[in-house]
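> 3D model of this:
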Amino acid sequence: MVLHWLLVRRLMGVSGRFTAIVDALRSQQTPGDSMGDAEYLAALEAATRAEFGEEALVQPAEDQGAERVGGQAVVAVPTGPQPLAAQFLFLGCLVFGGFLSALSDGRFAVTLGLRSELVTRFFGDRLVGQVGVMVLGGMLVGFGTRMAGGCTSGHGLCGVSRFQPGSITATASFFLFGVVTAFCLHGLLR
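Below is the predicted model:
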């Protein structure tokens with residue numbers, strides 16, 4: 001996460017990247033149908049200035065890297081959207097990193113189903129039941145991510161490290177319900 005911030009100067013949020021890809025693919029408008037990046041940024045800047053005042057748009061001095069506004073440091077963050085290729089590259093690198101990690105472990109094997117005693121006990125050995133559980137689980141994770149305003153990496157790594165109250169609350173909820181779920185499932189296995 002720190003390396004990502006140092007290289008790209010953006011927070012590392014996986015769900016935000018995925019959302020950007022889905023939104024870009026859904027919109028698929030012709031060039032004349034929507035405003036360009038420059039027009040979009042100008043409109044966003046005008047709306048920010050109108051709502052929050054000129055001080056909300058203060059850029060830090062280049063030689064200092066940050067500037068004090070109202071007693072708080074303001075750090076420059078890229079404001080424009082990243083190209084779609086950058087979003088795919090980021091997610092692809094996550095998958096590739098996981099693949100390399102699995103290979104280095106020495107236990108890498110491609111399977112379509114889940115290798116879990118609990119899944120087998122509740123849904124049997126049939127691939128259809130296991131795939132259904134994975135699809136349902138993915139939909140619930142996606143729904144929860146949208147409801148929480150970010151994923152576990154976004155809130156847990158980026159938000160908590162910046163002491164954001166919403167991220168601290170979301171991360172505490174993730175852990176609380178994860179522990180409760182683990183205890184419930186452990187009780188069902190007995």
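> Run a quick neighbour tally on H155.
Neighbours of H155 under the rule other Cβ atoms under 10 Å: 25. Every C-beta, even on glycine, is put in place using the N, C-alpha and C of the backbone.
> To clarify, my last question referred to T19.
Per other Cβ under 10 Å, the neighbour tally for T19 reads 17.
> What helix or strand is it located in?
For T19, the element it lies in under DSSP states H and E is helix 14-27.
> which residues in the protein form strands?
Using DSSP state E, the strands found in the chain span residues 66-69, 72-75.
> Show me what the helix holding T19 is packed against.
On a contact count with 3 or more Cβ pairs under 8 Å, 6 or more residues apart in numbering; DSSP states H and E, helix 14-27 meets helix 84-105.
> same question for the helix it packs on, mean pLDDT?
Helix 84-105 carries an average pLDDT of 88.
> Could you check that helix and say which residues are buried?
Using 16 or more other Cβ atoms under 10 Å as the burial criterion, the residues of helix 84-105 that qualify are Q87, F90.
> Phi and psi next, for G53.
phi 90, psi 170 (degrees, to the nearest 10).
> Which helix in the protein has the most residues?
Using DSSP state H to define each element, the chain has its longest helix at helix 165-189.
> Can you pull out the residues in contact with that helix?
117-118, 121, 148-150, 152, 154-156, 158-160 (Cβ atoms under 8 Å, 6 or more residues apart in numbering).
> ok, 6 Å please
Contact with helix 165-189 is made by L118, A148, T152, H155, G156, G159, V160, as judged by Cβ atoms under 6 Å, 6 or more residues apart in numbering.
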